[in-house]
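Q: next one to model:
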Amino acid sequence: MEQGDPAEDCIEVVCPTCRATLHPRRELIGKRVRCPDCGVAVRVAEQSPAAARAAQRSEAGNEYRLSDDDQPVERPRLVKVKCGLCGALLYPRAELIGKHVRCPDCYRPVLVVEPPPEPVAKYDKPAGEYTLDAEPPPNPLAGIVSIEAPVEPRLEPEPLPPPAPTLWYISGIFNFPWQQETISHWMTLTLFSAFANGVTAYGLSVVAEMVGAGGSPFASFGVAMKMAFTIALGAIAWLLMLCYASGCAIAIIRETASGNEEVTDWHDAEFPEAMGSALAVVFPLAGAGAVGFGVYLALLPLLAGEGGSSSLAYLVGVLTAVVLYPVMLLSVLESGAFWVVVNWSALRLILGFLPGWLLVNAEMAAVTGAWWLFTWAGARFLPIVTAIIGAPLYAAAIMIDARLLGRFLYRANEVISARHEEDEDDEADEDDE
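A: Down below sits the predicted model:
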């Protein structure tokens, strides 16, 4: 069977902001894709490459035509910064001035500073006619005005990055969900979680009603219809909640790992981008859960036989999943692909700063365990009330855990970079000797 030409399966699209040429697949027509150069969402319109080039040439003149769906997009201002470790040139957006961005080559946080003003071109006096052997005329202002050579302005030194908090694993961690720039997202995540948990608790009560309604067939049919409606509504509520929670977690980890104390870029929490963020968070969770369940099944015959208890096997399986999930999540974030749950770069970060990794995992286990203990104890008596009241704690636990992971990444990169610089200095000293 002949295969189609890959070029025919793609369509040429020009980014309205940075004029980059994109080639998305044709099945994405009518949707938006993110430009890899400037990060702007670009709508994929159905047009031929010739029409796209003709439209690009027409924009060079004074006449413009917009479709009903497209609107003019203001091109963001970019600034030029240089990584102090590897020398890579970065071009972040101007609104990130004063914050840190991560270098894509060496992963070191780089401070974005305002570029110096461009030098003004000096005025060149037009050539004239001069007599070389004649005396110059006297200057009438020579005794009044002293003319000095212009002094070139000195460039201000690059401002140092803000000092990292001394107690990086505590400072700004446990009150983070209620800070000014974060509280609105915490409240939104709380509402999503309360609705999803409430629907789940209501579904469990419907199951109990369905089990107890075995006498009348009409009653059973009515309860079954309520159960089907509850399952559909619960699936939608949980999907929205997981997407928003994953987007918030990715945004917090990314900004905190770059050295920014305030999270201002929440575009990952928007639902089109949050779908991809949900895969990056949920897929490693499913992988860690599957490994923990396998450990439980392997230990069950050994620990539950001859009067033993299966509780120990269950506990070991849960602990395995709890230990593996942060490692897998960090691997996914470092690799940029949700299915890569083992990444050597992430493992080097963990091994290079193992005490910090153990400390962060202990804090995350304490925060998540407190929420789970409250939910487990309350669900035995007031399940619906506990599901709604536990939603704020659930939202806070997600944000605090994401903050801890971001702080670990920032601190681990600092430690490994300092260690690398010390090794280079030692090698330089040995070469000098």
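Q: can you pull out the strands in this protein?
A: Per DSSP state E, the chain carries strands over the ranges 13-14, 21-22, 32-34, 41-43, 81-82, 89-90, 100-102, 109-111.
Q: show me what the fourth one is packed up against.
A: I take that to be strand 41-43. When contacts are defined as 3 or more Cβ pairs under 8 Å, 6 or more residues apart in numbering; DSSP states H and E, strand 41-43 packs onto strand 32-34. For every residue, glycine as well, the C-beta is placed using N, CA and C.
Q: name every strand pairing with the strand it packs on and say which way it goes.
A: Counting by DSSP bridges, the strands paired with strand 32-34 are strand 41-43 (antiparallel).
Q: wait, residue 312 touches residue 302, no?
A: No - with contact defined as Cβ atoms under 8 Å, residue 312 does not count as touching residue 302 (9.6 Å).
Q: mind listing the residues bridging to the residue nearest to residue 258 when sequence neighbours are not counted?
A: What sits nearest to residue 258 in space, not counting adjacent residues and going by Cβ to Cβ, 6 or more residues apart in numbering, is residue 100, at 4.3 Å. Counting by DSSP bridges, residue 100 forms beta bridges with residue 111.
Q: is it true that residue 388 touches residue 197?
A: Yes - assessed by Cβ under 8 Å, residue 388 is found in contact with residue 197 at 6.6 Å.
Q: for the two, indicate the residue with more neighbours.
A: With neighbours defined as other Cβ atoms under 10 Å, residue 388 and residue 197 compare such that residue 197 has more, 25 against 17.
Q: which ones are touching that one?
A: By Cβ atoms under 8 Å, 6 or more residues apart in numbering, residue 197 lies in contact with 387-388, 390-391, 394.
Q: what of residue 320?
A: 288, 291-292, 295.
Q: hmm, try it at 6 Å
A: Neighbour list for residue 320: 292, 295 [criterion: Cβ atoms under 6 Å, 6 or more residues apart in numbering].
Q: could we number from 350 for the rest of this?
A: Got it, first residue is 350 now, which makes that one residue 669.
Q: what about it, distance to residue 750?
A: In this view, residue 669 and residue 750 are 18 Å apart by Cβ to Cβ, to the nearest Å.
Q: one more: residue 430?
A: Remark: distance between residue 430 and residue 750 (Cβ to Cβ) = 31 Å.
Q: roughly how far out does stretch 673-691 sit from the chain middle?
A: Chain-centre distance of stretch 673-691: 13 Å, with Cα atoms, centre = their mean, to the nearest Å.
Q: mean confidence score for that stretch?
A: Here stretch 673-691 scores 88 as its mean pLDDT.
Q: flag the shaky bits of the stretch 350-499 of the chain, pLDDT-wise.
A: Within the stretch 350-499 of the chain, the ranges that satisfy pLDDT under 70 run 350-357, 396-424, 454-456, 467-499.
Q: to clarify, my last question referred to the stretch 550-699 of the chain.
A: Applying pLDDT under 70 to the stretch 550-699 of the chain flags residues 558-572, 653-658.
Q: which stretches in it count as helices?
A: Applying DSSP state H, counting those that start in this stretch to the stretch 550-699 of the chain gives helices spanning 566-606, 620-653, 660-684, 693-701.
Q: turn those into a markdown table, columns for distance to residue 710.
A: Shown next, in a markdown table, are the helices of the stretch 550-699 of the chain (distance: least, Cβ to Cβ, whole Å):
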| stretch | distance to residue 710 |
| --- | --- |
| helix 566-606 | 15 |
| helix 620-653 | 13 |
| helix 660-684 | 6 |
| helix 693-701 | 10 |
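Q: which one of those lies closest to residue 523?
A: Evaluated over those, closeness to residue 523 peaks at helix 566-606, with 13.9 Å, by Cβ to Cβ.
Q: which strands and helices sit next to that closest one?
A: helix 532-561, helix 620-653, helix 732-781 (3 or more Cβ pairs under 6 Å, 6 or more residues apart in numbering; DSSP states H and E).
Q: select, out of those, the one closest to residue 687.
A: helix 620-653 (4.2 Å).
Q: just the buried positions in the closest one, please.
A: Neighbour counts over helix 620-653 (16 or more other Cβ atoms under 10 Å) mark 622-623, 625-627, 629-630, 632-634, 636-638, 640-641, 644-645, 648-649, 652 as buried.
Q: do you know which of the helices and strands packed on helix 566-606 lies nearest residue 439?
A: helix 732-781 (15.6 Å).
Q: how far away from the center of its chain is that closest one?
A: So, by Cα atoms, centre = their mean, the centroid of helix 732-781 is 14 Å from its chain's centroid.
Q: by how many degrees do it and helix 660-684 diverge?
A: Comparing the axes of helix 732-781 and helix 660-684 via axes from the mean of the first three to the mean of the last three Cα atoms, to 10 degrees yields an angle of 60 degrees.
Q: relative orientation of helix 732-781 and helix 693-701 in degrees?
A: Counting by the same axes, to 10 degrees, helix 732-781 lies at 80 degrees to helix 693-701.
Q: so which elements touch helix 732-781?
A: Applying 3+ Cβ pairs under 6 Å, 6+ apart, we find helix 732-781 packed against helix 532-561, helix 566-606, helix 703-728.
Q: including distance to residue 695, could the ones you listed go into TSV?
A: As requested, the helices and strands packed on helix 732-781 are arranged in TSV below (distance: least, Cβ to Cβ, whole Å):
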stretch	distance to residue 695
helix 532-561	26
helix 566-606	12
helix 703-728	10
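Q: these: which one's closest to residue 440?
A: Residue 440 lies closest, by Cβ to Cβ, to one member of the helices and strands packed on helix 732-781: helix 566-606, at 17.9 Å.
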